[in-house]
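**Student:** sequence first, predicted model second:
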Amino acid sequence: MRHAPSTAFTRRRLLATAGTGAVLSLAGCSAPDLETRRTESFDVSPDGSDSLAVRNRNGEVAVTSGDGDVVSVEVTKRGFGVDESALDRVTVEQSVTDGVLRLDAVYPPDVSRITTELAVEMPRSTSLASVETNNGRIEVRDVGGDAVLRSGNGEIDARGVDGYLTLQAGNGSVEARDVAGIDGATVGNGSVDVDVPAIRGDTEIRASNGGVEARIGPDVGAQFEARASNGGVDVSGIDVMDPTVSRTRVTGTVGGGGPSLTLLAENGLVEVRALEP
């Protein structure tokens with residue numbers, strides 16, 4: 001299931017403009033429009049660890065795997081209306097705890113108006129444990145490991161993950177394709193669009209304000225429920241045994257039964273289809 005890294009991904013995320021400079025917005029010439037940018041790259045040895053966790057506060061995170069034996073990190077810092085020296089005070093700290101290599105973007109308390117984009121390429125032998133950002137998009141491509149992906153304000157896009165995913169977004173849509181399994185997905189304001197080839201326990205896929213679209217694999221066995229509090233439910237292409245069906249709710253057994261699989265849209269449509277091989 002793990003593939004060679006996408007060329008588009010690599011170019012977009014890992015070959016950003018290097019160096020430091022200032023760009024004046026065409027919208028005007030006032031100080032708040034002055035952007036200061038710096039791109040830095042470094043490698044981290046994964047010695048003593050077998051998995052990776054990445055955390056950011058303000059900015060997107062992109063993670064993929066590659067053929068190297070080190071973790072390669074590219075950091076793009078952007079400051080808006082701030083002195084260039086402020087960029088120096090935002091750092092990426094590295095530590096190893098309980099076999100997990102942790103990369104944390106650290107912002108001093110008095111630093112604001114700075115975003116940090118992290119593009120990380122890890123060895124294929126390293127598993128992804130988690131990616132978290134308070135404010136920014138998360139993109140994951142062609143990695144292994146059971147991982148938690150969490151964004152407070154930003155979408156999550158995961159593809160080609162040889163592991164089970166837990167997906168959490170406060171304000172942004174979630175999409176997961178070509179993954180080994182789903183442990184759960186929760187979105188506050190946005191949609192959920194996931195492949196569910198397998199589950200390994202009670203699993204809930206929920207959108208508070210948005211739709212849910214799920215493709216269920218043929219090997220999934222579960223006590224199934226699809227429910228829309230304020231919307232409709234459309235289930236087709238999968239066999240639901242002993243079904244109870246209404247416009248807003250479908251329940252029954254799939255694949256001979258098992259743990260619960262609940263798909264819930266509080267304000268939106270729930271669509272369930274078969275996952276094509």
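**Tutor:** Okay, I see it. Numbers count the residues shown, from 1 in each chain.
**Student:** need the contact list for the closest residue to L87 other than its chain neighbours.
**Tutor:** Excluding the flanking residues, the one nearest L87 by Cβ to Cβ, 6 or more residues apart in numbering is K77, at 4.6 Å. Heads up, the C-betas are built off the backbone N, CA and C, glycines and all. By Cβ atoms under 8 Å, 6 or more residues apart in numbering, K77 lies in contact with 37-40, 87, 90, 114-116.
**Student:** most surrounded residue in these?
**Tutor:** T116 (25 neighbours; other Cβ atoms under 10 Å).
**Student:** ok, that residue touching V106?
**Tutor:** No - here T116 does not reach V106: they are 9.5 Å apart, not a contact under Cβ atoms under 8 Å.
**Student:** identify the contacts common to these two.
**Tutor:** Common neighbours of T116 and V106 (Cβ under 8 Å, 6+ apart) are 90, 92.
**Student:** confidence-wise, which helix or strand of this structure is lowest on average?
**Tutor:** The least trusted helix or strand in the chain, going by mean pLDDT, DSSP states H and E, turns out to be helix 7-14, with a mean of 39.
**Student:** which residues does K77 bridge with?
**Tutor:** R38, T116 (DSSP bridges).
**Student:** was I right about N267 contacting S208?
**Tutor:** Yes - contact criterion Cβ under 8 Å: N267 and S208 qualify, at 6.9 Å.
**Student:** and the gap between the residue nearest in space to the middle of the chain and V187?
**Tutor:** By Cα atoms, centre = their mean, the mean C-alpha position of the chain lies nearest to I156, the distance being 3.7 Å. Relative to V187, I156 is positioned 9 Å away (Cβ to Cβ, to the nearest Å).
**Student:** then P277?
**Tutor:** In terms of Cβ to Cβ, P277 sits 27 Å off from V187.
**Student:** higher neighbour count, those two?
**Tutor:** Taking neighbours as other Cβ under 10 Å, P277 and V187 compare with V187 leading, 28 against 6.
**Student:** that one bridge partners, please.
**Tutor:** Listed by DSSP bridges, the beta-bridge partners for V187 are A169, A207.
**Student:** do I have it right that it meets S208?
**Tutor:** Yes - counting by Cβ under 8 Å, V187 does reach S208; the two are 6.8 Å apart.
**Student:** out of everything not next to it in sequence, what's closest to Y164?
**Tutor:** G181 (4.1 Å).
**Student:** let's see the pLDDT reported for the one you found.
**Tutor:** pLDDT for G181: 99.
**Student:** pretty sure it sits in a strand.
**Tutor:** Yes - the assignment for G181 by DSSP: H, G, I helix; E, B strand; the rest coil puts it in a strand.
**Student:** distance of it from E266?
**Tutor:** For G181, the distance to E266 equals 24 Å [Cβ to Cβ].
**Student:** now stretch 188-206: buried residues?
**Tutor:** Residues of stretch 188-206 classed as buried by neighbour count (16 or more other Cβ atoms under 10 Å): 188, 190-199, 203, 205-206.
**Student:** residues touching V63, list them.
**Tutor:** Neighbour list for V63: 52, 54, 120-122, 128, 131, 139-141, 143 [criterion: Cβ under 8 Å, 6+ apart].
**Student:** and what of D195?
**Tutor:** D195 sits in contact with 176-179, 182, 214-215, 217, 275, where contact means Cβ under 8 Å, 6+ apart.
**Student:** heading C-terminal from the helix or strand containing Q223, find the next helix or strand.
**Tutor:** Q223 belongs to strand 222-228 when assigned by DSSP states H and E. Using DSSP H and E, the helix or strand that follows strand 222-228 in sequence is strand 233-235.
**Student:** can you give me how far that next one is from the chain middle?
**Tutor:** 26 Å (Cα atoms, centre = their mean, to the nearest Å).
**Student:** buried ones in it?
**Tutor:** Here strand 233-235 shows 233, 235 as buried, counting by 16+ other Cβ under 10 Å.
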